[in-house]
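> Give me a 3D structure for the following:
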Amino acid sequence: MSKPIVAITIGHSHYNRMFSQEAWKSLETFATITHHPGAEPAGKNALLALLPDADACITSWNVACLDADVMAAAPRLRAMAHMGSSIKRFVSEAFWERDVHLTSAGLALARHVAETTLGLMIVGQKQIWPLGQHVREGGWRDSPHWDRWFSRELYHKQVGIIGASNVGRYVIELLKPFGASILLYDPFVTEEEAIKLGVTKRGLHSLLRRADVVSLHAPANESTRHMLDAEGLALMKDDALLINTARGALIDEFALVKELSKGRFFAFLDVTDPEPPAAQSPLRKLDNVVVTPHIAGCIENCNRMGELAVEELRRFFAGEAAVYQVTRESLERIA
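Model prediction:
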């Protein structure tokens, strides 16, 4: 029996970043591999040329959408494994009509984001950024205003998690050794699920009033846009830490700038809205905010995603359950 044909669409310049040698070896055991010949991700014309004989494909950032034309040119396509977080722009009505098996390696990406988030919590509580600036300007622990940036620990703090997404759940897992009291706002999580996660469910405003650290992990959609508005931000504790490694649109940035300008709390923003922030945005100038260029996920080494994408296709062709299947219904909730 011949092996299924799996098309790699991501472009050769991304191979080392996305696939480990173990991933290639695993893929070769159950599939015949075809490659998009270009260095960069396949555009529409490249997909039209690559997919006619493919039984499955592996996609990632910047690959063209599998629209009606592409699907018509790929009559054998039965499965797609995506290496990335959001999938919505890569699939089409024609894709769903064909009932193609869709999986996401976003679980692997979520681990990277969660690890970065934990790191920001630790350095944020220790006040690494402002204290580093303080020393650069000649200060030390016995300097005036030392108490303004008093260094703290994450241990036994109240940490507010907004959104029990894949990232949010990994952050909860990573926080366990710190003995933190974890507060969760997520209207889709039941009390029973919260108990299993080891968290306490709170309303959004209740969480914002209590948390020493507030970390956003919700999807960006109409119901979550500006979920942190002026009213909510004003409820945050003085000296709290706000972290956003999810999507910029979750925060009303006009209201955030107004609140940060008071100097009450500190923010780490890996995402903004718009992205990047305008050249003259106060977010680039205030001394109690650090903006990073959307790097919380993997940058240099995304091999975890490649390995999971290959494992998902192995499972599909072996008739086994997926690690993380995405359906049309679930996509509407998470995208």
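> So which residues of this structure form helices?
Counting by DSSP state H, one finds helices in the chain at the ranges 15-18, 21-30, 44-50, 68-72, 93-97, 106-125, 128-136, 166-175, 191-197, 204-210, 230-235, 253-260, 303-318, 328-334.
> just how off-centre is the third one within its chain?
This means helix 44-50. Centroid displacement of helix 44-50 relative to its chain, using Cα atoms, centre = their mean, to the nearest Å, is 28 Å.
> ok so, going back, can you redo the helices of the chain as CSV with mean pLDDT and mean neighbour count?
For the C-beta atoms, the positions are set from N, CA and C on the backbone; glycine is no exception. Below are the helices of the chain laid out as CSV (pLDDT from 0 to 100; neighbours: other Cβ atoms under 10 Å):
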stretch, mean pLDDT, mean neighbour count
helix 15-18, 97, 18
helix 21-30, 98, 14
helix 44-50, 98, 17
helix 68-72, 98, 17
helix 93-97, 95, 14
helix 106-125, 96, 21
helix 128-136, 89, 14
helix 166-175, 97, 22
helix 191-197, 97, 13
helix 204-210, 98, 18
helix 230-235, 98, 16
helix 253-260, 97, 18
helix 303-318, 98, 22
helix 328-334, 75, 13
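> Figure out which of the ones you listed is closest to Tyr155.
Closest to Tyr155 of those, according to Cβ to Cβ: helix 106-125, at 8.9 Å.
> about what we covered before: what's the closest of the helices of the chain to Ser281?
helix 253-260 (7.8 Å).
> Not counting its own residues, what contacts that closest one?
The list of residues contacting helix 253-260 from outside it, by Cβ atoms under 8 Å, 6 or more residues apart in numbering, reads 226, 228-230, 233-234, 236, 265, 267, 272-273, 277, 281-283, 286, 288-289.
> got it, and stretch 280-291?
Taking contacts as Cβ under 8 Å, 6+ apart, the residues outside stretch 280-291 that touch it are 129-130, 133, 253, 256-257, 260-261, 263, 265-270, 272, 277.
> of all the helices of the chain, which lies closest to His36?
Relative to His36, the nearest member of the helices of the chain by Cβ to Cβ is helix 44-50, separated by 5.4 Å.
> helices or strands next to that closest one in the packing?
Contact analysis of helix 44-50 by 3 or more Cβ pairs under 8 Å, 6 or more residues apart in numbering; DSSP states H and E lists helix 68-72 as its packing neighbours.
> how far out from the middle of the chain is the helix it packs on?
Relative to the mean C-alpha coordinate of its chain, helix 68-72 is positioned 29 Å out (Cα atoms, centre = their mean).
> With only the CA atoms kept, save that helix in CSV.
Once non-C-alpha atoms are left out, helix 68-72 reads as follows in CSV (Å, rounded to 0.1, in the frame of the first residue of the first chain):
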residue,chain,number,x,y,z
ALA,A,68,-12.2,27.6,-3.5
ASP,A,69,-9.6,27.6,-6.4
VAL,A,70,-7.0,25.9,-4.3
MET,A,71,-9.5,23.3,-3.0
ALA,A,72,-10.7,22.6,-6.5
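> that older thread, next, format the helices of the chain as CSV and append distance to Gln158.
Below are the helices of the chain laid out as CSV (distance: least, Cβ to Cβ, whole Å):
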stretch, distance to Gln158
helix 15-18, 38
helix 21-30, 40
helix 44-50, 49
helix 68-72, 49
helix 93-97, 42
helix 106-125, 12
helix 128-136, 21
helix 166-175, 11
helix 191-197, 15
helix 204-210, 5
helix 230-235, 14
helix 253-260, 19
helix 303-318, 31
helix 328-334, 27
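> what's the closest of those helices to Arg152?
The closest of the helices of the chain to Arg152 is helix 106-125. By Cβ to Cβ, the value is 4.6 Å.
> Does Leu48 touch Ala72 like I think?
No: counting by Cβ atoms under 8 Å, Leu48 stays clear of Ala72, with 9.2 Å between them.
> Contacts only, for Ile251.
With Cβ under 8 Å, 6+ apart, Ile251 has these contacts: 216, 226-228, 233, 244, 273.
> Which of these fall within strands?
216, 244 (DSSP state E).
> Between the contacts of Ile251, which sits nearest Phe317?
Out of the contacts of Ile251, the member with the shortest distance to Phe317 (by Cβ to Cβ) is Leu216, at 37.4 Å.
> gap between the closest one and Asp270?
With distances defined as Cβ to Cβ, to the nearest Å, the gap from Leu216 to Asp270 amounts to 10 Å.
> picking up where we left off before, closest to Ala296 out of the contacts of Ile251?
Out of those, the one with the shortest distance to Ala296 is Asn244. That distance is 9.3 Å, counting by Cβ to Cβ.
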